[in-house]
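Visitor: the sequence and its predicted three-dimensional model are supplied below.
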Amino acid sequence: MASVSIARLCKDKPSALGKGGPHRILHDISMEIADGEFLVLVGPSGCGKTTLLRCIAGLEEPSAGELAIDGKRVNDVPPQARDIAMVFQSYALYPHMTVAENLSFGLKMRHTPPDEIKKLVEEAAQMLEIGHLLSRYPRELSGGQRQRVAMGRAVVRRPKAFLFDEPLSNLDAALRQQMRLELLRLHRRLKATMIYVTHDQVEAMTLADRIAILRQGRIEQVGSPAQLYDRPANTFVARFFGTPEMNLIDGHVEDSWFVGDGVPFRAHLPGLGNQPVTLGVRAEDLHLQVADSSELPRGRIDVVEHHGHEDLLHVRCGDKVLSARSIAHKSPPPGTEVRLVVAPQHCHLFQRRDAQGDGKRLEPYGASEATA
Ligand SMILES: Nc1ncnc2c1ncn2[C@@H]1O[C@H](COP(=O)(O)OP(=O)(O)O)[C@@H](O)[C@H]1O
Ligand SMILES: [Mg+2]
């Protein structure tokens, strides 16, 4: 098993139409992946995840920067000699070979002794629960079974590290969920270093020891799933994780109070100087109280979505619609006027979003209370 170290890695590619100079796809990526770690690279489509993975595998050459596996520089080491296995979204099984032959092919090419091949194939087949499929051809397998065989082909090699590029995205939702569990079990069993690419925030959250989130070729934040969810470094990360998206309200701090622009939402934030800010509140942290006649109503329930285990309320509040989670089947009906309450420790505060919608996290701000 192995650690992977990436230092100031950049990748340039010729621009798509062949016009103009090269185009930077990855900017100054630095990251240490520990031996045995499950690291997920996540980000929107086109942000450079596959390119970074291919650089680690040796299928692409970095334009600048250093790559090391187990402390040894590998920039000039060819892919076959890096001892890394890559599993793609497309399974790329050999159609004319049985599952057993697909699993053993790579080992035969490496002149592994037949007894050893038999043992490794049996172990991998058992781990991935494909033992009963060994004599079948890929065309006789379901999508999920094919993906398992593709993983098995990587597992038999016992590589130093596994690289996965969106391996579950061709599977249906139920199978994806099942395969997520199996990947976690596989990781626990093999104790292998795994670098896993996905655009899916749920996959990232559920699989990762640590997540690195990329946008337009740059790392926005690296941390545990809880760190990224609870303390997003900026509004991009804040919006990327969580369904529904975090509520973001633009406004100002004035005399230690947050005052929403066009939204009757106030929060007491002592210790923070007057400045434009964006306040973030997750749907599970936004609590509704039915407004009584003595209070000014601050929001009105617009839509109630029933999800079975919970209700999701969309509450019109001035110019904005905010989302709030609520106990299933207990929600007041649409049209009900409500107060919105959020505990101070659940207020996320960002620099006021710029024209691109970006704002960096501000902290510490020492909020003490927040109500609408
Ligand atoms: N061979 C190539 N030549 C030029 N540009 C490319 C090439 N491959 C990918 N790109 C560009 O590089 C960026 C990152 O692509 P990719 O790594 O595939 O992203 P992701 O896997 O995150 O969807 C995209 O903007 C894509 O258009
Ligand atoms: Mg990709």
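Guide: Everything's here; your move. Ligands and ions are numbered 1, 2, ... in the order given.

Visitor: can you list the residues of the stretch 1-150 of the chain near ligand 1?
Guide: For the stretch 1-150 of the chain, the residues in contact with ligand 1 (CB under 6 Å from any ligand atom) are K13, P14, A16, I25, G43, S45, G46, C47, G48, K49, T50, T51. Bear in mind the C-beta positions are built from the backbone N, C-alpha and C, glycine included.

Visitor: of those residues, which belong to helices?
Guide: When those are checked against helices (DSSP state H), the matches are K49, T50, T51.

Visitor: most widely separated two among the residues of the stretch 1-150 of the chain next to ligand 1?
Guide: Within these, two members stand farthest from each other by CB to CB: P14 and G43, at 22.2 Å.

Visitor: and G262, what helix or strand is that in?
Guide: G262 belongs to no helix or strand when assigned by DSSP states H and E.

Visitor: so in this protein, which helix runs the longest?
Guide: When every helix of the chain is counted residue by residue (DSSP H), the longest turns out to be helix 173-190.

Visitor: mind listing what's buried along the helix or strand V277 falls within?
Guide: With elements taken from DSSP H and E, the one containing V277 is strand 275-281. Residues of strand 275-281 classed as buried by neighbour count (16 or more other CB atoms under 10 Å): V277, T278, L279, G280, V281.

Visitor: tell me the bridge partners for the nearest residue to E32 once chain neighbours are set aside.
Guide: Of all residues beyond its chain neighbours, the one nearest E32 is S5 (5.4 Å), with distances taken as CB to CB, 6 or more residues apart in numbering. According to DSSP bridges, E32, A68 are recorded as the beta-bridge partners of S5.

Visitor: in the stretch 251-372 of the chain, what residue is nearest ligand 1?
Guide: Q356 (17.1 Å; CB to the nearest ligand atom).

Visitor: tell me the domain ranges of this protein?
Guide: Per the record, the chain has its domains at 4-235, 245-371, by automatic domain parsing.

Visitor: hang on, the earlier thing: among the residues of the stretch 1-150 of the chain next to ligand 1, show me the least confident.
Guide: Summarising pLDDT for these: the lowest-scoring member is A16, with 72.

Visitor: re the thing from before, can you give me phi and psi for the residue of the stretch 251-372 of the chain closest to ligand 1?
Guide: With angles defined as degrees, to the nearest 10, Q356 sits at phi -80, psi 0.

Visitor: burial count for it?
Guide: As a burial measure, Q356 scores 8 neighbours (other CB atoms under 10 Å).

Visitor: quick one: it from M246, how far?
Guide: Here the criterion is CB to CB, to the nearest Å. By it, Q356 lies 17 Å from M246.

Visitor: just L279 next, same as before
Guide: Relative to M246, and taking CB to CB, L279 is found at 10 Å.

Visitor: anything in contact with each of these two?
Guide: Taking CB atoms under 8 Å, 6 or more residues apart in numbering as the contact rule, the neighbours common to L279 and M246 are H348.

Visitor: helix or strand: which one has the residue nearest to R210 when sequence neighbours are not counted?
Guide: In space, not counting the residues next to it along the chain, R210 is nearest to L39; the distance is 5.4 Å by CB to CB, 6+ apart. In the assignment (DSSP H and E), L39 maps to strand 38-42.

Visitor: what mean pLDDT does that strand get?
Guide: Strand 38-42 comes out with an average pLDDT of 98.

Visitor: note down every partner strand of that strand and its orientation.
Guide: Using DSSP bridges, strand 38-42 pairs in its sheet with strand 193-198 (parallel), strand 210-215 (parallel).

Visitor: outside of the last one itself, list whatever touches it.
Guide: By CB under 8 Å, 6+ apart, the surrounding residues in contact with strand 210-215 are 31, 37-44, 47-49, 52, 204-205, 219-225, 228, 236-237, 240.

Visitor: lowest average confidence, helix or strand, in this protein?
Guide: When the helices and strands of the chain are compared on mean pLDDT, DSSP states H and E, strand 369-371 comes out lowest with a mean of 49.

Visitor: which stretches of the stretch 251-372 of the chain have low pLDDT?
Guide: For the stretch 251-372 of the chain, the stretches flagged by pLDDT under 70 are 293-297, 364-372.

Visitor: again, but for the stretch 1-150 of the chain
Guide: Low-confidence segments of the stretch 1-150 of the chain, defined by pLDDT under 70, span residues 17-18.

Visitor: hmm, 80 instead?
Guide: The stretch 1-150 of the chain contains residues with pLDDT under 80 at 1, 15-21, 91.

Visitor: where do the strands sit along it?
Guide: Taking DSSP state E, counting those that start in this stretch to define them, one finds strands in the stretch 1-150 of the chain at 4-13, 23-33, 38-42, 64-69, 72-73, 84-87.
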